[in-house]
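J.: Predicted structure and sequence below. I'll ask about it afterward.
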Amino acid sequence: MTTATGDTLRSSQQEEQHKSVSVRAVQWRIFRQNRLAILGLVVLGLFFLVLAFGDFIAPYRPAMLTPNPLAPPHRLHFRDADGVFHWRPFYYAYDKVRDMKTFKTTYVEDTTKKMPLRLFIRGDSYRMWGLFETDLHLFGVNSDHRVHIIGSDELGRDLFSRLVWATRISLTIGLLGVVISLVLGALLGVISGYYGGVVDVIMQRLIELLMSFPQIPLWMAFAAIIPVRTDPLLVYFLITIILSFINWTGLARQIRGMTLSLKERDYALAAQAMGASDLRIMVRHILPNTIGHMIVISTLAVPGMILAETALSFLGLGIREPMLSWGTLLKQAQSLHMMAQAPWVLIPALAVVASVLAFNFVGDGLRDSLDPYER
Amino acid sequence: MFGFLLSRAGFAVITILLASVLNFLLISLPPGDYIARLEAQQSRQSGVVTKLENVRVRYGLDKPIIVQYWKWITGFVQGDLGLSMKYDTEVRDLVGGRLVLSLILSTATLLFTWAVAIPIGVYVAVRKYGLADNILTIVGFIGLALPNFLLALLLVYISLFWFDAKSVGGLFSREFRDAAWSFARVWDLMQHLWIPVIVIGTAGTAGLIRIMRTNLLETFGEMYILTARAKGLRERTVVWKHAVRVAINPLISILGMSLPFIIGGEIIVSIVLNLPTLGPLFYEALLLQDMYLAGGILMILTLLLVIGNFLADLLLVWSDPRIKFS
């Protein structure tokens, strides 16, 4: 990195019209050229908006029951039944029709009951970030009926509101888990690589041991021994810890590898010669040089966490009601009967796929720009 | 070479020992004494007291935990996996048949992954940035992003609606479910195996194709490839005999690393599809906290993994002469 800036400086002195470019700018330029990475960044941005403004985006409370179980997604109309065009799009309220032979309820749009779509509408009140009370929501309808833009679940709860809440849990588990693995991995990796010798051997064997366990069954076993009556919030943290407990090993290995080469560099040796303590060399001279690499591997580690959490919750071993995650939502889709009758319960899967792809794309883009020698 | 293998074998043994300790901790961790629950469960029946006493002696439950561990691990080595609380039978009898099917499923998945990934990897490397390369990149990404339990559900759904529903769910047709092994039964198994194999193998295949492609592209830049071409060898010979032969080595060394994913995938997919393998049994045991059963299965899985890793090392020695002579 330093030579790159040096070269740029020299060339700018030779040719006056060349502007000097900072390392950041070069990295951003490389990143920007990767279209998939930009797409991923946009998608992640949307996810983070949901994370921050969930209560505002969700039209209803996730546990609120409506009298319409398994209602299909409402369709947005511009043209009403008489063929008249409306500038403000609207939904039709559902009429329940019961087939007297099979006793199956089906929903039919009632063209007499129009529900215009409104933005910034008053609804249920909530505390924004625990700071102030408000009842403003991004969108909704002024009606006794509720609008389900991606349908409702078995108990008539609005699937979109539930998806918003689940997104918050699933994403934060992924991010928090990676942060924990990162701290553990960086700490143990640097120590192992820096001191070498017996410490290193023990650490490497421990990592190999953890890696040679079948991860998913081990996760399942750990998750299953969390007592049934545990507070859901505590379950959330325990699941995060369980997931990162096995995940830090890969990271520790890579940081160790980098430390091995970094500690032989001139500046590290110089610091040592000047009498800097081991701690100072590790924190000030070695760790900062691994940051680019760490950002890349942790971005690429998030999808694994998300998928693992989803799988655990799907099996009923992870996040528990009343907390929601993508896995608990998908749990509903477990039966073929459900998939045939109400395919929209599978929509949360799209969120899983989108987030995993986005993290992968951004991670690849970051690798090319932050870490060009590691390809 | 023997030094290498010996150290790997030694490491495998240590891994198994440490894994057994962790496993035993998992077994004894759930709150509530095993006996207490057995008592609660069976207090209505008569003649319970002597049976309970037997169990207590068998596991040394009135002794310190180290003694308990020793009893469990020595029993395990001799094939005594303990007693399932739910089924009230020996864990060994419950696990046996399912273990065989799990092994078949995992091996089939592994073979599928390699058989599909290598030719495709070679193809896309030879035709870099071609149509197939781009399509496979997209498919590969989706394969990595779709949780395999979901893929299982979707495939079952699709096959129910578009195909004959015969091959969905389970590993055998009804008439073969409890039959003895015969040629017809094996054939029946083959017909049912493809859905779980595809589901478990997709993510791994996608990953392997990428790795094979990168390795091969790197190898194409080597001087000996240039030499081979300069000698006037046919392109097919250059690719398959000179490039692939070398590019495949790193794949073998990550073979061991891919095993945990196959075993984990096998467990989850088996639960979703309710296959008669170890997966559903393990899951049920966990939910009911039938810990000797769960711990036994986890230990078996770990053993499989360690053995698989060792075999992968052997394969590596065989395929890469550089290790043999160092």
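T.: Perfect, thanks for sending it.
J.: quick one: the helices in the stretch 201-350 of chain A?
T.: Remark: helices assigned in the stretch 201-350 of chain A by DSSP state H, counting those that start in this stretch are A:215-224, A:232-262, A:266-273, A:278-280, A:287-314, A:326-331, A:336-341, A:347-370.
J.: Pick the most deeply packed of these.
T.: helix A:326-331 (a mean of 26; mean count of other C-beta atoms under 10 Å in any protein chain shown). All C-beta spots, glycine's among them, are computed from the backbone N, C-alpha and C.
J.: neighbours around B:Ser319, how many?
T.: 15 (other C-beta atoms under 10 Å in any protein chain shown).
J.: Please disregard the earlier target; I meant B:Trp187.
T.: 10.
J.: Which secondary structure element is home to it?
T.: helix B:183-220 (DSSP states H and E).
J.: Quick one: check that helix for contact with chain A.
T.: No - judged by C-beta under 8 Å from any C-beta of the partner chain, helix B:183-220 makes no contact with chain A; its nearest approach is 9.2 Å.
J.: Quick check: buried residues in that helix?
T.: Within helix B:183-220, the residues that qualify as buried are B:185, B:188-189, B:192-193, B:195-210, B:212-213, B:215-216, B:219-220, counting by 16 or more other C-beta atoms under 10 Å in any protein chain shown.
J.: tell me the contacts of A:Ile242?
T.: Taking C-beta atoms under 8 Å, 6 or more residues apart in numbering or on different chains, we find A:Ile242 in contact with A:Trp219, A:Phe222, A:Ala223.
J.: from the residues you listed, which is closest to A:Ala354?
T.: A:Trp219 (23.5 Å; C-beta to C-beta).
J.: residues from the stretch 251-375 of chain A in reach of chain B?
T.: Residues of the stretch 251-375 of chain A lying near chain B by C-beta under 8 Å from any C-beta: A:303, A:307, A:310-311, A:314-317, A:330, A:333-334, A:336, A:339-340, A:346, A:349, A:352-353, A:356-357, A:360.
J.: can you list the weak-confidence ranges in the chain?
T.: Just so you know, I chose chain A. A:1-18, A:371-375 (pLDDT under 70).
J.: My question was about chain B, not that one.
T.: Residue ranges of chain B with pLDDT under 70: B:1, B:30-55, B:61-62, B:86, B:162-170, B:174-179, B:323-326.
J.: How about B:Ile263, nearest residue that isn't a chain neighbour?
T.: Distances taken as C-beta to C-beta, 6 or more residues apart in numbering or on different chains put A:Pro214 closest to B:Ile263, at 4.5 Å, once the chain neighbours are dropped.
J.: doesn't B:Pro260 make contact with that neighbour?
T.: Yes - A:Pro214 lies in contact with B:Pro260 (C-beta atoms under 8 Å); the separation is 5.0 Å.
J.: Residues that sit against both of these two, list them.
T.: Common neighbours of A:Pro214 and B:Pro260 (C-beta under 8 Å, 6+ apart) are B:Leu305.
J.: could you pick out which of the contacts of A:Ile242 are near chain B?
T.: Contacts with chain B within those, counted by C-beta under 8 Å from any C-beta: A:Phe222.
J.: Redo the contacts of A:Ile242 as TSV? Include distance to A:Leu36.
T.: Formatted as TSV, the contacts of A:Ile242 follow (distance: C-beta to C-beta, whole Å):
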residue	distance to A:Leu36
A:Trp219	30
A:Phe222	35
A:Ala223	33
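J.: is it fair to say A:Tyr107 lies in a strand?
T.: Yes - A:Tyr107 forms part of a strand when assessed by DSSP: H, G, I helix; E, B strand; the rest coil.
J.: Quick one: neighbours of it, just the number.
T.: Count around A:Tyr107 with other C-beta under 10 Å applied: 18.
J.: same deal with B:Pro64?
T.: Residues within reach of B:Pro64, counting by other C-beta under 10 Å, total 9.
J.: And for A:Asp135?
T.: A:Asp135 has 10 neighbours, counted by other C-beta under 10 Å.
J.: and it, that's in a helix?
T.: No - read with three-state DSSP, A:Asp135 is strand and lies in no helix.
J.: Correct me if wrong: it contacts A:Arg127.
T.: No - between A:Asp135 and A:Arg127 there is no contact under C-beta under 8 Å: 10.6 Å.
J.: What residues are bridge-paired with the residue lying closest to B:Thr89 once chain neighbours are set aside?
T.: Nearest non-adjacent residue to B:Thr89, counting by C-beta to C-beta, 6+ apart: B:Leu83, 7.4 Å away. Assessed by DSSP bridges, B:Leu83 has beta-bridge partners B:Glu90.
J.: What is the burial count for B:Leu83?
T.: Per other C-beta under 10 Å, the neighbour tally for B:Leu83 reads 21.
J.: Return the residues in contact with it.
T.: Residues in contact with B:Leu83 (C-beta under 8 Å, 6+ apart) are B:Val55, B:Arg58, B:Thr89, B:Glu90, B:Val91, B:Tyr292.
J.: close enough to count as contact, B:Leu304 and B:Thr107?
T.: No - in this structure B:Leu304 lies outside contact range of B:Thr107 using C-beta under 8 Å: 10.5 Å.
J.: Comparing these two, which residue is more hemmed in?
T.: For B:Leu304 and B:Thr107, the more surrounded residue by other C-beta under 10 Å is B:Leu304, and the numbers stand at 19 against 13.
J.: quick one, the host helix or strand of the more buried one and helix A:215-224 angle?
T.: Element membership of B:Leu304, judged by DSSP H and E, is helix B:291-319. Helix B:291-319 and helix A:215-224 are oriented at 160 degrees to each other (axes from the mean of the first three to the mean of the last three C-alpha atoms, to 10 degrees).
J.: now for helix B:291-319, which elements pack on it?
T.: Helix B:291-319 sits against helix A:215-224, helix B:2-28, helix B:91-126, helix B:249-253, helix B:255-273, helix B:278-287, helix B:321-325, with contacts defined as 3 or more C-beta pairs under 8 Å, 6 or more residues apart in numbering or on different chains; DSSP states H and E.
J.: Am I right that A:Tyr126 is in a strand?
T.: Yes - counting by three-state DSSP, A:Tyr126 is located in a strand.
J.: Name the nearest residue to it, ignoring sequence neighbours.
T.: Nearest residue to A:Tyr126, sequence neighbours excluded (C-beta to C-beta, 6+ apart): A:Asp55, at 4.3 Å.
J.: Pretty sure A:Met128 is one of the things that neighbour touches, is it not?
T.: Yes - contact criterion C-beta under 8 Å: A:Asp55 and A:Met128 qualify, at 6.5 Å.
J.: So if I had to pick from these two, which one is more boxed in?
T.: Neighbour totals were compared for A:Asp55 and A:Met128, and A:Asp55 leads with 21 against 13 (other C-beta under 10 Å).
J.: How far does the strand or helix carrying that one sit from its chain's centre?
T.: If you go by DSSP H and E, A:Asp55 is part of helix A:35-57. How far helix A:35-57 lies from its chain's middle: 9 Å, per C-alpha atoms, centre = their mean, to the nearest Å.
J.: Can I get that helix as CSV, trimmed to CA atoms?
T.: The C-alpha trace of helix A:35-57 is given here as CSV (Å, rounded to 0.1, in the frame of the first residue of the first chain):
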residue,chain,number,x,y,z
ARG,A,35,-21.2,-4.2,-10.5
LEU,A,36,-22.3,-7.2,-8.4
ALA,A,37,-20.5,-5.7,-5.4
ILE,A,38,-22.4,-2.4,-5.9
LEU,A,39,-25.6,-4.3,-6.2
GLY,A,40,-24.8,-6.2,-3.1
LEU,A,41,-24.0,-2.9,-1.3
VAL,A,42,-27.4,-1.5,-2.3
VAL,A,43,-29.3,-4.6,-1.1
LEU,A,44,-27.3,-4.5,2.2
GLY,A,45,-28.2,-0.8,2.5
LEU,A,46,-31.9,-1.7,2.3
PHE,A,47,-31.5,-4.4,4.9
PHE,A,48,-29.8,-2.0,7.2
LEU,A,49,-32.6,0.5,6.7
VAL,A,50,-35.0,-2.3,7.8
LEU,A,51,-32.8,-3.0,10.8
ALA,A,52,-32.8,0.7,11.9
PHE,A,53,-36.4,1.6,11.1
GLY,A,54,-38.2,-1.7,11.5
ASP,A,55,-41.1,-0.4,13.6
PHE,A,56,-41.7,2.4,11.1
ILE,A,57,-41.6,0.1,8.1
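J.: Thank you, goodbye.
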